[in-house]
Structures are given as structure tokens and as C-alpha cells.
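Student: coords please:
(one chain, ligands or ions: 1)
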Amino acid sequence: PSVVILISGRGSNLQALIDHATQTSEYQIRAVISNRPKAAGLDLARAAGLPTAVLDHTAFDSREAFDAALAEQIDRFDSDWVVLAGFMRVLTPGFVQRYLGRLINIHPSLLPAFPGLKTHQQALDAGVRVHGATVHFVTPELDHGPIVDQAVVQVLPGDTAETLAARVLKLEHVLFPRALADLCSGRLRWSADQTTQTVQGA
Ligand code: GRF
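Tutor: Presented below is the predicted three-dimensional model:
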């Protein structure tokens with residue numbers, strides 16, 4: 001199976017996804033697309049010999065116009081999966097609908113807890129004892145799609161948002177490639193009936 005990966009920044013999850021592809025061939029990365037011209041992840045992609053594209057969202061008048069151009073770029077690479085790896089743009093319902101069932105994201109909390117931004121500070125403020133990361137299908141409602149897989153860390157005394165983020169990030173790098181590979185192989189798949197949408201093991 002083939003994937004296109006969307007990024008906005010550092011690209012540490014992208015690197016983990018690249019490493020897994022190299023080691024296992026469980027999926028093939030066709031291209032990396034960034035909405036930020038200076039995203040460090042673009043250099044990681046180039047270093048891995050992957051095609052890259054930049055689509056600067058500030059050059060577009062509306063979310064709809066940006067998402068239409070983004071879809072055009074993605075479709076050039078004709079991939080099975082579209083993977084958001086630190087892609088920091090809210091996507092329009094039309095875009096999400098176009099890729100529904102093959103569009104996934106990683107979010108740095110144990111969803112449904114702490115959607116949105118500053119998740120590690122949210123976790124500390126709430127006083128939870130466990131925290132983590134979630135890979136989920138993207139649906140029109142932000143950070144609410146069916147959960148593919150999760151990884152858990154303990155919240156330790158003295159944790160700051162930074163120390164917690166660093167521990168979660170390490171786990172993200174294991175979780176994300178594994179979740180993607182499970183979807184690519186069919187070991188996990190989205191199953192929907194009238195009332196619920198869940199991810200089931202095959
Ligand atoms: C990660 O924490 C991810 O969960 C969130 O954005 C961050 C991206 O980091 N969606 P990186 O660019 O993969 O290093």
C-alpha cells in the first residue's frame with residue numbers, strides 16, 4: 001500500500017514513518033507535502049529521497065481554496081492512504097469526505113480526552129495519572145474520528161508540559177508506524193454501522 005504524508009513542522013513522526021517503511025516495506029511513501037515552506041520535516045523527506053511538495057496556506061484566500069489545491073497535489077501521487085503527521089491545519093468537511101476511511105492523524109493525548117491544542121498542559125491541569133497518544137481516522141469533527149490505536153504513559157510527579165511531551169513523543173514514534181502498518185495489512189479496519197464507527201481487528 002502507498003501513502004502520502006502531510007506535515008507542518010519538525011517531522012519526527014515523519015522520520016519514524018520513513019524508518020519503518022525502509023525496514024519493513026509494509027507501506028510505500030509516495031510523497032511528503034508541507035503547508036509550511038520552512039518545515040524541517042521537508043529536509044528529512046529529501047534526505048530520504050522522497051518527492052516533496054509545498055503548498056503555502058498563506059497564499060490562499062480561503063480554507064476551501066487551500067484544501068482544493070491540497071487535494072489536487074495529493075491525488076497526483078495516487079496513494080491508498082493520506083497520513084497527517086503533525087499537520088497543523090484544520091481541514092474542511094469536503095476535504096475530509098473526499099478521503100474518508102483512508103485519512104488518519106496522530107494526536108498527542110488519549111482521545112476523547114483533550115482534543116485541540118496544548119494537550120500536555122491540558123493533561124497536567126486535569127490531574128490525570130495517565131496520558132498518551134492516539135492514532136485515529138479523520139472525520140469532519142476535529143479529533144473525534146474512530147480510534148485506530150493508542151499508547152499510554154504515566155504522568156510523573158514534577159512533570160512539565162515539556163517533559164511529558166517528550167515522553168509521549170517517543171511513544172508516538174512506535175505507535176504511528178505500527179498503526180499505519182496494521183491498517184495497510186488489514187489487521188485493523190474501520191467498521192461502521194448506523195450508530196457507531198469503530199476500528200476492529202481482522
Ligand atoms: C506530534 O506531537 C503529533 O502528535 C502532533 O504534532 C506533533 C508533530 O511532531 N499532531 P513532529 O512534527 O512529528 O515531530
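
Student: Number of residues surrounding whatever residue of the chain ends up closest to the ligand?
Tutor: The ligand sits closest to G86 of the chain, with a gap of 2.7 Å, by CB to the nearest ligand atom. The way it works is simple: take the backbone N, C-alpha and C, and place the C-beta from them, glycine included. The tally of other residues near G86 (other CB atoms under 10 Å) stands at 21.

Student: three-state assignment of it?
Tutor: At G86, secondary structure determined by DSSP: H, G, I helix; E, B strand; the rest coil is coil.

Student: quick one, phi/psi of it?
Tutor: Backbone torsions of G86, given as degrees, to the nearest 10, read phi 70, psi 40.

Student: got a list of what it touches?
Tutor: Under the criterion of CB atoms under 8 Å, 6 or more residues apart in numbering, the contact partners of G86 comprise I7, S8, G9, R10, G11, S12, N13, L14, G41, I106.

Student: Look up phi and psi at the last one.
Tutor: I take that to be I106. When quoted as degrees, to the nearest 10, the phi and psi of I106 stand at phi -110, psi 130.

Student: Return the subset of the contacts of G86 lying in strands.
Tutor: Residues of the contacts of G86 located in strands (DSSP state E): I7, I106.

Student: For the ligand, tell me which of the contacts of G86 show up nearby.
Tutor: Counting by CB under 6 Å from any ligand atom, G9, R10, G11, S12, N13, L14, G41, I106 from the contacts of G86 sit close to the ligand.

Student: Can you say which of these are buried?
Tutor: With neighbours counted using 16 or more other CB atoms under 10 Å, these contain these buried positions: G9, G11, S12, N13, L14, G41, I106.

Student: want to throw these into TSV with pLDDT?
Tutor: Output for these, formatted as TSV (pLDDT from 0 to 100):
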residue	pLDDT
G9	98
G11	98
S12	98
N13	98
L14	98
G41	98
I106	98
